[in-house]
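In: Sequence first, predicted model second:
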Amino acid sequence: MTGFVEIVEVGPRDGLQNEPRPIAVSDKIALIDLLSQAGFRRIEAASFVSPKWVPQMAGSAEVMAGLTRHPGVAYAALTPNLQGFQAAMAAGADAVAVFAAATEEFSRANLNCSISESLDRFQPVLQAARVRNVPVRGYVSVVTDCPFQGAVPPAQVAQVAERLWAAGCHEIALGETLGRGTPDRVAAMLAAVRDVVPVERLAGHFHDTGGRALDNVDVALAAGLRVFDAAVGGLGGCPYAPGAAGNLATERLAAHLAARGWQTGLDPAVLDRAAALAHSLRAG
Ligand code: HMG
Ligand code: MG
């Protein structure tokens, strides 16, 4: 198989949000500015969530204000509710993402509400985004495994994905939050989701805790997905998912795809420099 595969860089958000030590706004900006030169079309740069829930993302408005916009790069932010969306717009975000979970337990832990309540909160975000022509990505977390429920039935994931799609999200990102998913179970989940959302509007977001993320990318490629998230240097995890350390490293994913003949448009030398910077931030 050959063709173009888009890697969406999520390290400045999904990576850094999980760092226990405060990271200076200037360091976050330096990382984003370097990543902006690597060839990404989209960088998830910020998160407008409650600072009590995720203190590391508290400086997101300053990060958005301070980064140097690179032509052709869209800078995205997480927005769990209208308050977050308004803050993201004021800060100049080009795109936003709402995030739901496939299980009630994870929804409570991450958003302090049920799945249905979270979807209700996303409605005004989607409405306001439509008026402003801002694309909204919809995440579904815990698509194979939940820290509270265990194995998640594919139909449960498809149901939430379908609701986000019907609500107007332009893309559904499937979050394998814990990095415990095996390729066979990821394939079963994708088969169920593909029945309700066009495959070209799906993105794979595979954490690498169990070391299977690249295998999961391969089954997703075979299923027709062409968009994958990754975090430079393998930064990250999720603060409300115990044991979810480590996103799939962008430089590993880019090399894996290149070796199989896929184009990503990314510059490996810039990625290596950004990975080194990410490691130095983590080492503190
Ligand atoms: P809540 O406490 O139920 O909210 O939290 P609330 O509406 O009752 O408000 C309580 C306080 O939060 C108020 O402040 C609000 O102003 C404030 P107070 O009056 O107490 O001073 N607040 C906000 N502040 C800033 N920005 C906002 C905002 N909204 C309310 N947008 C809430 C509900 C959703 C806010 C909270 O649960 C929250 O922020 N959760 C975010 C959790 C999070 O960011 N998790 C990590 C990202 S998701 C992820 O990593 C998974 C992903 O990578 C995919 C995958 O891997 O699966 C995407
Ligand atoms: Mg994640």
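Out: Thanks, I have the structure now. Ligands and ions are numbered 1, 2, ... in the order given.
In: buried residues in the helix-or-strand element of the chain with minimal mean pLDDT?
Out: One helix or strand of the chain scores below all others by mean pLDDT, DSSP states H and E: helix 268-283, with a mean of 93. For helix 268-283, the neighbour count (16 or more other Cβ atoms under 10 Å) marks V270, L271, R273, A274, A275, L277, A278, L281, R282 as buried. Where C-beta positions appear, they are placed from N, C-alpha and C, glycine not excepted.
In: and the second one, what does it touch?
Out: The one in question is L271. A38, V232, T250, E251, A254 (Cβ atoms under 8 Å, 6 or more residues apart in numbering).
In: Same question for the fourth one.
Out: By Cβ under 8 Å, 6+ apart, the contact list for A274 reads G11, L31, L34, L35, A38, V232, G233, T250.
In: Please enumerate the strands of the protein.
Out: Counting by DSSP state E, the chain has strands at residues 3-4, 6-9, 42-47, 74-78, 95-101, 136-141, 145-146, 150-151, 171-176, 202-206, 227-230, 262-263.
In: And the last one, what does it pack against?
Out: When contacts are defined as 3 or more Cβ pairs under 8 Å, 6 or more residues apart in numbering; DSSP states H and E, strand 262-263 packs onto strand 3-4.
In: quick one: strands adjacent to the strand it packs on?
Out: On the basis of DSSP bridges, the sheet neighbours of strand 3-4 come out as strand 262-263 (parallel).
In: In the stretch 101-250 of the chain, what residue lies closest to ligand 1?
Out: Relative to ligand 1, the nearest point of the stretch 101-250 of the chain is G175 (2.3 Å; Cβ to the nearest ligand atom).
In: how near is that residue to V227?
Out: Separation of G175 from V227 (Cβ to Cβ, to the nearest Å): 13 Å.
In: Who has more neighbours out of those two?
Out: Using other Cβ atoms under 10 Å, the more surrounded residue of G175 and V227 is G175, with 27 against 21.
In: shouldn't the more buried one be in contact with V140?
Out: Yes: between G175 and V140 there is a contact at 6.1 Å, judged by Cβ atoms under 8 Å.
In: can you list the residues of the chain near ligand 1?
Out: 14, 17, 47-50, 53-54, 78, 80-81, 83-84, 87, 99, 110-112, 139, 141, 175, 177, 205, 207, 238-240 (Cβ under 6 Å from any ligand atom).
In: Filter these down to the buried ones, ChimeraX style.
Out: ChimeraX command restricting the residues of the chain next to ligand 1 to the buried ones, with burial defined by 16+ other Cβ under 10 Å:
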select :14,17,47,48,49,54,78,80,81,84,87,99,110,111,139,141,175,177,205,207,238,239,240
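In: Go through the residues of the chain next to ligand 1 and flag which are in helices.
Out: Q83, G84, A87, N110, L111 (DSSP state H).
In: Mind picking the two most distant members of these?
Out: Using Cβ to Cβ, these reach their maximum pairwise distance at A87 and N110, which is 18.5 Å.
In: closest one to D195 among the strands of the chain?
Out: Counting by Cβ to Cβ, D195 lies closest to strand 202-206 out of the strands of the chain; the figure is 11.5 Å.
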